[in-house]
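Peer 1: Structure of the sequence below:
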Amino acid sequence: MVSLTTDYGLTDGFVAVCHGVIARLAPAMRIIDVTHLVPPGDVRRGAAVLAQTVPHLPAGVHVAVVDPGVGTPRRGVALGTPEGFLVGPDNGLLLDAAVALGGVTDAVELTNPRWLAPRVSATFHGRDVFAPVAARLALGAPLGEAGPPVDPATLVRLPDPLVRRRPDGFVAEVLTVDHFGNVQLAAPADLLAPLPARLLVQAAPDDRPEHAAPDDRPEHATPDDRPAQAAAGGGGREVAAVHGRTFGDAPVGALVAHVDSAGRVALSVNGGHAAELLGAIPGTLLRVRVIA
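Peer 2: Numbering: from 1, shown residues only. Next up is the predicted model:
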């Protein structure tokens, strides 16, 4: 089995080409499309979708391509885990999924020309590098033949999302916003569990160094892949929320704080769009607190 997670969209032929490369090398291989609608270049969103999906797929090879650095010196890698392989760019996209599959046991850089397309494009490594490598791994070829070993400690990691416990609740970064407008926070379920039935949710000031004003940033600080507008929000209006178990625990049109299917705190509107209500995007900080 090979799975594909990309930001390629559905209006061009990029996804079909990757399917075709795999099918040419491994005609009987089953391919599962996770999504091809990751926002373009949004590595953090791609990483979250991948990590929350792969534990529920059959053991196999998981290809992920959200790769704004394609063609630059960034490495292409394949990672071995107890539950299968991950193939993609070394830009932080794969590591959360590797953890979800039991951790990285082996890693290689994809440099063996016999495993790649005869001509590797500078802009389409999904076709020319990652798809052919995935097909060969799925057919049982040894990982070590794909290229030289990589020390797992040198793999690129995304910054940890911010979560802060507060006496009256917590502050957490928005991790993802799904198709329905549900806002998934980086906060684990145990931060919500002790809070009462009535809560308030509000955008929190963002004091992370990478979101400081340019003149206030330390010289070594560099932006990560979070959208620039994620720095917005610093004490907007408060929205009342019900602490519930599912969407229907709040009245229609009202906000509910609950634990989602991935075990994280989420904010949803019963019959509505929580991200629009809260003005939240991935990277926004939200404060969830009890009503004083």
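Peer 1: quick one: the helices in the stretch 151-292 of the chain?
Peer 2: 189-192, 274-278 (DSSP state H, counting those that start in this stretch).
Peer 1: Phe85: helix or strand, and which one exactly?
Peer 2: Following DSSP states H and E, one finds Phe85 within strand 84-89.
Peer 1: for the helix or strand following that strand, which positions count as buried?
Peer 2: Following strand 84-89 in sequence order, the next helix or strand is helix 95-100 (DSSP H and E). In terms of neighbour count (16 or more other Cβ atoms under 10 Å), helix 95-100 has its buried residues at Leu95, Asp96, Ala97, Ala98, Ala100. To be clear about C-beta, it is placed using only N, CA and C from the backbone, and glycine gets the same treatment.
Peer 1: Likewise for stretch 37-51?
Peer 2: Buried residues in stretch 37-51, counted by 16+ other Cβ under 10 Å: Val38, Asp42, Val43, Arg44, Arg45, Gly46, Ala47, Ala48, Val49, Leu50, Ala51.
Peer 1: Which of the helices or strands spans the fourth one?
Peer 2: Counting by DSSP H and E, the element that carries Arg44 is helix 43-53.
Peer 1: what's the angle from that helix to strand 84-89?
Peer 2: Per axes from the mean of the first three to the mean of the last three Cα atoms, to 10 degrees, the angle that helix 43-53 makes with strand 84-89 is 170 degrees.
Peer 1: what mean pLDDT would you report for the helix or strand just after helix 43-53?
Peer 2: Next in sequence after helix 43-53, counting helices and strands by DSSP H and E, comes strand 60-65. Strand 60-65 shows a mean pLDDT of 98.
Peer 1: Please apply the same query to stretch 72-90.
Peer 2: Mean predicted confidence for stretch 72-90 is 97.
Peer 1: Show me how far that stretch is from its chain's centre.
Peer 2: Here stretch 72-90 is found 15 Å from its chain centre; the criterion is Cα atoms, centre = their mean, to the nearest Å.
Peer 1: ditto for stretch 82-95
Peer 2: For stretch 82-95, the distance to the chain centre is 12 Å (Cα atoms, centre = their mean).
Peer 1: Could you pull out the buried residues of that stretch?
Peer 2: By neighbour count with 16+ other Cβ under 10 Å, stretch 82-95 contains the buried residues 83-95.
Peer 1: ok, back up a step: now for the buried residues of stretch 37-51: which two are most distant?
Peer 2: The most widely separated members of the buried residues of stretch 37-51, counting by Cβ to Cβ, are Asp42 and Ala51 (14.1 Å).
Peer 1: Could you tell me the angle between the helix or strand hosting Gly20 and strand 60-65?
Peer 2: Element membership for Gly20, per DSSP H and E: helix 14-25. Put simply, helix 14-25 runs at 140 degrees to strand 60-65, going by the same axes, to 10 degrees.
Peer 1: For helix 14-25, name the packing helices and strands.
Peer 2: Applying 3 or more Cβ pairs under 8 Å, 6 or more residues apart in numbering; DSSP states H and E, we find helix 14-25 packed against strand 2-6, strand 31-35, helix 131-138.
Peer 1: Can you list the helices and strands that the first one packs against?
Peer 2: If contacts are counted by 3+ Cβ pairs under 8 Å, 6+ apart, strand 2-6 sits against helix 14-25, strand 31-35, helix 43-53, strand 60-65, helix 131-138.
Peer 1: And the contacts of the longest one?
Peer 2: Contacts of helix 14-25 with the rest of the structure, by Cβ atoms under 8 Å, 6 or more residues apart in numbering, involve 2, 4, 6, 8, 29, 31, 33, 36, 63, 117, 124, 126-127, 130-132, 134-136, 138-139.
Peer 1: I'd like to know which of those residues are buried.
Peer 2: Buried members of those, scored by 16+ other Cβ under 10 Å, are 2, 4, 6, 8, 29, 31, 36, 63, 124, 126-127, 130-132, 134-136, 138.
Peer 1: need the buried residues of stretch 37-51 in JSON lines with distance to Cys18 and pLDDT, can you?
Peer 2: Listed next are the buried residues of stretch 37-51 as JSON lines, based on distance: Cβ to Cβ, whole Å; pLDDT from 0 to 100:
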{"residue": "Val38", "distance to Cys18": "14", "pLDDT": "96"}
{"residue": "Asp42", "distance to Cys18": "19", "pLDDT": "95"}
{"residue": "Val43", "distance to Cys18": "18", "pLDDT": "97"}
{"residue": "Arg44", "distance to Cys18": "22", "pLDDT": "94"}
{"residue": "Arg45", "distance to Cys18": "19", "pLDDT": "94"}
{"residue": "Gly46", "distance to Cys18": "15", "pLDDT": "97"}
{"residue": "Ala47", "distance to Cys18": "19", "pLDDT": "97"}
{"residue": "Ala48", "distance to Cys18": "21", "pLDDT": "95"}
{"residue": "Val49", "distance to Cys18": "17", "pLDDT": "96"}
{"residue": "Leu50", "distance to Cys18": "15", "pLDDT": "98"}
{"residue": "Ala51", "distance to Cys18": "21", "pLDDT": "97"}
